[in-house]
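Asks: Structure here, sequence nowhere to be found:
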C-alpha cells in the first residue's frame, strides 16, 4: 500500500515542509499570499488526520503521526484568513506569528510552585506555561487596526506518592485554558464610541483624540490538551469590539 | 438590475465580514437568482452569486474558495451570531432585510456614489 501521506508531504514546497516540521512560522503577507502558502499545509493535515484515524496502512499512519500539524492551523488559523481577507484593506499585509509547537516547553514556563505535600502524595509541583500560539495584526479597509492573540495557559501538575508496597508512583496531569484577546483601534473620523455591545468577560474602552481603542477578551476552559477553540469565539470578540463603536459619518468605502 | 455607475459595470456583491462595502471589481456575469451583475470572484460555478448561494445554504457551491467560505460564514454569523455589520456601501435593496448599522444623519455630507474624501 502506497504511503499517501509521504507523497502528500513531498508534494509540498520546501517552505511548507518546513512549517510541517517546525510547526512555527511568522511574517507579513497579504491574506491571499497566506492562503496560497497555508492551504496545501492544511490540506496535507486533513489527509494525514484521516490516515492516522485508520484510513491507511501501517507506514502511512506512522508517517502521519510523526509529521502531524496541530489542528489549530486547519481549524482556526486557516479559516480565519478567509474571514479577515474580506475586511483587510486591499494590498495591506496581515502580520502573523504562529507557534504550534505546543505549550509544554521550558521556554514557555512562567513559574513553578515549590514542592508541597497533599496526602497521599508526598510531592506535588505545579508548573505554569503560557503559550501564545497565534498572534496577528492588520489594517482593515475602514481604517481600523486589529490585533488579536490566542494564548494557551497550561497548569502541569506533577505528583509523586509511595504506595503501601513501597513502590514510587509518579503522574503528571495537564489542564488548559485558552485566552482570546482582540484589540480594535477605530479611527474617530469613521467611528464614535457608543453604548451597548455584546457582553464579554473583559472589556476595555479607551477613547483618545484620534482613535478609540476597544479591547475584548475571554478565557475558555479546554476539555483536553488538544482542544482548539471555536473560530466563532474570536469572531464574537471582534464583533463585540465593532458593536462598541458606531459609524460617525456617511461614507462610501 | 445592474450596478452601473458612470458607465462602469461594477459587481453588486458586498465585501467585508464585520463591515460591508462595495466590491470594486468589474462585473462579468448576471446572477440567475437575483439578476444582479457579479464579478468573477463572487460568482459560483452554478451561475449564482455567492450571496444568493449563502442565502440558499448551498454549501457545496461555497466551499470552492476563500470568498465562498467567507460569505457563507458571514451569512451564518449575521443570522446566528446576532451581529449587525457596519454598512459603508451604496444603498442596495438586496440588503434591505439585513439588520445593519450606518450613519443616518440628513445633515451629513452624503457622498454616496460621488467622489469620497479620503
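Replies: Structure's in. What do you need? Computed from a predicted structure; not experimentally measured. Numbering: from 1, shown residues only, chains lettered A, B, ... in the order given.

Asks: start to end distance for stretch B:19-29?
Replies: End-to-end distance of stretch B:19-29 (CA to CA, to the nearest Å): 25 Å.

Asks: Does chain A have contacts with that stretch?
Replies: Yes. Residues of stretch B:19-29 contacting chain A under CB under 8 Å from any CB of the partner chain: B:19, B:21-22, B:24. The C-beta positions use only the backbone N, C-alpha and C, and glycine is treated the same way.

Asks: Now list the buried members of those residues.
Replies: Those of the residues of stretch B:19-29 next to chain A that meet the buried threshold are B:19, B:21-22, by 16 or more other CB atoms under 10 Å in any protein chain shown.

Asks: which of the residues of stretch B:19-29 next to chain A sit farthest apart?
Replies: Spatial extent of the residues of stretch B:19-29 next to chain A (CB to CB) is set by the pair B:19 and B:24 at 14.8 Å.

Asks: how about the residues of the stretch 151-253 of chain A that lie near chain B?
Replies: Going by CB under 8 Å from any CB, the residues of the stretch 151-253 of chain A near chain B are A:191, A:198, A:232, A:235-236, A:238-239, A:242-243, A:246-253.

Asks: if you set the cut-off to 10 Å instead, what comes out?
Replies: A:184, A:186, A:189-192, A:194, A:198, A:231-232, A:235-236, A:238-243, A:245-253 (CB under 10 Å from any CB of the partner chain).

Asks: Now the stretch 51-200 of chain A against chain B: closest residue?
Replies: Relative to chain B, the nearest point of the stretch 51-200 of chain A is residue A:82 (3.9 Å; CB to the nearest CB).

Asks: ok, that residue - contacts?
Replies: A:31, A:34-35, A:39, B:17, B:65-73 (CB atoms under 10 Å, 6 or more residues apart in numbering or on different chains).

Asks: How much space separates it from residue A:214?
Replies: Shown here: residue A:82 relative to residue A:214, a distance of 23 Å by CB to CB, to the nearest Å.

Asks: try residue B:75
Replies: 25 Å.

Asks: Among those two, which residue is more densely surrounded?
Replies: Set residue B:75 next to residue A:214 and count neighbours by other CB atoms under 10 Å in any protein chain shown: residue A:214 wins out with 27 against 19.

Asks: Next, the more buried one: phi, psi?
Replies: Phi and psi for residue A:214, reported as degrees, to the nearest 10, are phi -120, psi 120.

Asks: pLDDT score for it?
Replies: pLDDT, residue A:214: 96.

Asks: what ranges do the strands span in the chain?
Replies: This is for chain A. Secondary structure of chain A (DSSP state E): strands at A:24-29, A:94-99, A:109-112, A:116-118, A:121-139, A:145-162, A:168-187, A:191-193, A:202-207, A:211-221, A:245-247.

Asks: you looked at the wrong chain, it should be chain B
Replies: B:3-5, B:8-10, B:14-15, B:19-22, B:29-30, B:37-38, B:86-87.

Asks: Can you pull up the most central residue in chain B?
Replies: Central residue of chain B (CA atoms, centre = their mean): residue B:14, 2.2 Å from the mean position.

Asks: can I assume it is in contact with residue B:91?
Replies: No. With contact defined as CB atoms under 10 Å, residue B:14 does not reach residue B:91; the gap is 11.5 Å.

Asks: and the gap between the closest residue to the residue of the stretch 51-200 of chain A closest to chain B other than its chain neighbours and residue A:79?
Replies: Spatial nearest neighbour of residue A:82, chain neighbours left out: residue B:66 (3.9 Å); criterion: CB to CB, 6 or more residues apart in numbering or on different chains. Residue B:66 sits 9 Å away from residue A:79, taking CB to CB as the criterion.

Asks: Any stretches of chain A with poor pLDDT?
Replies: Scanning chain A with the threshold set as pLDDT under 70 gives A:1.

Asks: what residues go with each domain of it?
Replies: With domains defined by automatic domain parsing, chain A comprises A:1-88, A:102-253.

Asks: Next, the distance between the ends of the last one.
Replies: Going back to what we said before, that points to domain A:102-253. In terms of CA to CA, the two terminal residues of domain A:102-253 are separated by 41 Å.
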